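>>> Let me see the structure of the following:
(one chain, ligands or ions: 1)
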Amino acid sequence: MNSYVIDGVFTPRASVKKGVSVYTPIHPQQLVASCLQALRERQPEVFQKTETAFFGCVSQVNDQGANIARNAVLSAGLDWSVSASSVNMCCGSGLQAVNIASALVASGTNSVALAGGVESMSRVKMASDGGFMDGNNDVLRKRLIQVPQGISADYIAASEGFTREVLDEFSLHSHQKAAAAAQKNYFQSAYALVKDEVGAPLLTRDDHIRPDTSMEGLSQLKPAFAALEEQLMAAGVIGEGKTLDKFGPFHTAGNSSGIADGAAAVLVANEKFIEQAEIKPRARILKFVAKGSDPIVMLNGPSACCSQVLRECGMSPKDIDLWEINEAFAVVPLQTIRNLKIDSSKVNINGGAIALGHPLGATGSILLVSLITALEKEDKQIGCVTLCVAGGQSISAVIERV
Ligand SMILES: CC(C)(COP(=O)(O)OP(=O)(O)OC[C@H]1O[C@@H](n2cnc3c(N)ncnc32)[C@H](O)[C@@H]1OP(=O)(O)O)[C@@H](O)C(=O)NCCC(=O)NCCS
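Predicted coordinates:
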């Protein structure tokens, strides 16, 4: 049976500077609850039929611990009978949550499900679950040593010949496209506003964008991961004789995804439900794939993952009207564009995580809602969303506007 996205919203992403964002006073459960409240207002009949919920979140400790999905659902006042699970597939979490919900409704296990994601990177810092990249498992670590993502990004740039200028140029365009979209209020209809205690919105548009970004400014930024690379090289973890043996041009704060807070929620239902309820959905989920790749090089999975999902749809990259390729680091979309020979004018047409920020567990579902919004506004049909995932995984979905 087909599965459909009935509707979706996301909070404007709040940039985290020196550990703080405008959302820092807001509990991450409440970021999700703001999205649920907006969906309830937009789709009251479908919303009240929700049976289950899945929310992605990466650092599931402290304020994001205790099954954040269940507590968010309770906090938003949904019926107690709605089950809720927190999903962690690192940066793929928000899309994996939607894909799980989609599979459940497509199988007929459920009729209506909520999905989405959240990350308050200001309240719960990246990596604050304390497990490094491998959960501190010495047995696994003897077999392979996983390194932080920035190091893998620098390795891919070096080994595949992407220059610093090309990385910076991509980032400049990300900021320019995001600034142009913000100027037009492109995502106004997709936003769920997070409000303070007197009901005033804390943010009305993504605030990580730097419209004044220039090639000159970007070129002056220092490598963000070089010191860590030197440390790991001295310790013999990377360098000559290892999988990761060369680095640079280096990623910087200007061409890496920004640290941000945010959340998203999507309402998913199956064909039987939408026919009986006579609901017009916004998009059909055609296929989705999650796939492992080299756990050390780590970030180069999207090409194979997209190739597989397109093959399963009987499509080629040329059939995709619009792409959302997560800008974890500039080299990730650049490599995917090059490998799949994608027309870059169809990629991230409103900017991406370099300009807008990457609230880890939320981004997958934010990108999905952004893609649906863009397909509608640009009057296009087919879209593909993909993200690289730490630990050597990736995730993709192909959707069709209804
Ligand atoms: C790269 C990273 C370490 C930088 O963090 P940071 O140093 O806190 O970043 P900041 O926003 O403070 O920016 C650092 C500097 O770059 C400057 N800068 C950032 N973007 C810029 C731009 N577009 N143009 C000009 N300068 C810019 C800032 O103004 C700041 O300058 P300052 O130190 O003089 O104030 C962080 O963004 C990061 O880790 N990103 C990747 C996250 C990640 O791994 N996610 C998972 C992906 S798989």
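
>>> Surely residue 376 and residue 400 touch.
No: using C-beta atoms under 8 Å, residue 376 makes no contact with residue 400, being 12.0 Å away. Any C-beta I mention is one placed from the backbone N, CA and C, and that applies to glycine too.

>>> give the contact list for the residue nearest to residue 301 when sequence neighbours are not counted.
Once flanking residues are discounted, residue 301 sits nearest to residue 394: 3.0 Å by C-beta to C-beta, 6 or more residues apart in numbering. Residue 394 makes contacts with 92, 290-291, 293, 301-302, 304-305, 386-388, as judged by C-beta atoms under 8 Å, 6 or more residues apart in numbering.

>>> Same question for residue 1.
For residue 1, the contacting residues are 105-108, 270-272, by C-beta under 8 Å, 6+ apart.

>>> Residue 230 sits in which helix or strand?
helix 226-234 (DSSP states H and E).

>>> what does the stretch 1-150 of the chain put close to the ligand?
Contacts of the stretch 1-150 of the chain with the ligand, taken as C-beta under 6 Å from any ligand atom, map to 91, 149-150.

>>> Rounded mean pLDDT for stretch 202-212, please.
Averaged over stretch 202-212, pLDDT sits at 98.

>>> Now do the biggest helix by length in the chain: which elements does it pack against?
Longest helix in the chain, counting residues (DSSP state H): helix 164-183. Applying 3 or more C-beta pairs under 8 Å, 6 or more residues apart in numbering; DSSP states H and E, one finds that helix 164-183 makes contact with helix 215-219, helix 331-340, helix 353-356.

>>> and for the shortest one, what are the contacting residues?
In this case it means helix 353-356. Applying C-beta under 8 Å, 6+ apart, the contact partners of helix 353-356 are 13, 170-171, 174-175, 177-179, 206, 208-210, 213, 254-258, 260, 326-328, 330, 363.

>>> I'd like the next helix or strand past it.
Scanning forward in sequence from helix 353-356 by DSSP H and E, the next helix or strand is helix 360-377.

>>> and the angle from that following helix to helix 164-183?
Here the directions of helix 360-377 and helix 164-183 differ by 70 degrees (axes from the mean of the first three to the mean of the last three C-alpha atoms, to 10 degrees).

>>> Now stretch 208-228: buried residues?
208-210, 213, 218, 221, 223-226, 228 (16 or more other C-beta atoms under 10 Å).

>>> Which pair in the residues you listed has the greatest spatial separation?
By the measure C-beta to C-beta, 209 and 228 form the most distant pair in those, at 27.1 Å.

>>> surely residue 287 meets residue 314?
No: judged on C-beta under 8 Å, residue 287 makes no contact with residue 314 at a distance of 9.6 Å.

>>> out of these two, which sits in the busier spot?
Neighbour count, other C-beta atoms under 10 Å: between residue 287 and residue 314, residue 287 has more, with 19 against 9.

>>> for the helix or strand that contains the more buried one, packing partners?
Taking DSSP H and E as the criterion, the element that holds residue 287 is strand 283-292. Contacts defined by 3+ C-beta pairs under 8 Å, 6+ apart place strand 283-292 against strand 3-10, helix 93-106, helix 302-313, strand 393-401.

>>> in the helix or strand following the longest one, what counts as buried?
Meaning helix 93-106. Next along the chain after helix 93-106, taking DSSP H and E as the criterion, comes strand 112-120. For strand 112-120, burial by neighbour count (16+ other C-beta under 10 Å) applies to 112-120.

>>> where does the protein dip in pLDDT?
Low-confidence segments of the chain, defined by pLDDT under 70: none present.

>>> Beta-bridge partners for residue 20, please?
Going by DSSP bridges, residue 20 is paired in beta bridges with residue 17.

>>> separation between it and the ligand?
Remark: distance between residue 20 and the ligand (C-beta to the nearest ligand atom, to the nearest Å) = 11 Å.

>>> Is that residue in contact with residue 122, as I believe?
Yes: contact criterion C-beta under 8 Å: residue 20 and residue 122 qualify, at 5.5 Å.

>>> Among these two, which residue is more densely surrounded?
Set residue 20 next to residue 122 and count neighbours by other C-beta under 10 Å: residue 122 wins out with 24 against 14.

>>> What residues does that one make contact with?
Contact analysis of residue 122 by C-beta under 8 Å, 6+ apart lists 14, 16, 19-21, 23-24, 259, 261.

>>> burial measure for residue 33, as a count.
Count around residue 33 with other C-beta under 10 Å applied: 25.

>>> what secondary structure does it sit in?
Three-state assignment for residue 33 (DSSP: H, G, I helix; E, B strand; the rest coil): helix.

>>> Could you do residue 155 as well?
Classification of residue 155 using three-state DSSP returns helix.

>>> Number of residues surrounding the closest residue to it other than its chain neighbours?
The shortest distance from residue 155 to any residue other than its chain neighbours is 4.5 Å, reached at residue 244 (C-beta to C-beta, 6+ apart). The tally of other residues near residue 244 (other C-beta under 10 Å) stands at 23.

>>> cool, and the one 5 residues further on?
As a burial measure, the neighbour count of residue 249 was computed by other C-beta under 10 Å and equals 20.

>>> Could you measure from it over to the ligand?
As judged by C-beta to the nearest ligand atom, residue 249 and the ligand stand 14 Å apart.

>>> Closest residue of the stretch 51-200 of the chain to the ligand?
residue 149 (4.0 Å; C-beta to the nearest ligand atom).

>>> Go ahead and confirm that residue touches residue 329.
Yes: counting by C-beta under 8 Å, residue 329 is a contact partner of residue 149 at 7.2 Å.

>>> what sits in contact with each of these two?
residue 299.

>>> quick one, which of these two is more surrounded?
For residue 149 versus residue 329, neighbours defined as other C-beta under 10 Å are more numerous around residue 329 (31 against 25).

>>> Spit out the contact partners of the nearest residue to residue 160 once chain neighbours are set aside.
Nearest residue to residue 160, sequence neighbours excluded (C-beta to C-beta, 6+ apart): residue 335, at 6.3 Å. Shown in contact with residue 335 (C-beta under 8 Å, 6+ apart): 156, 160, 162, 300, 302-303.
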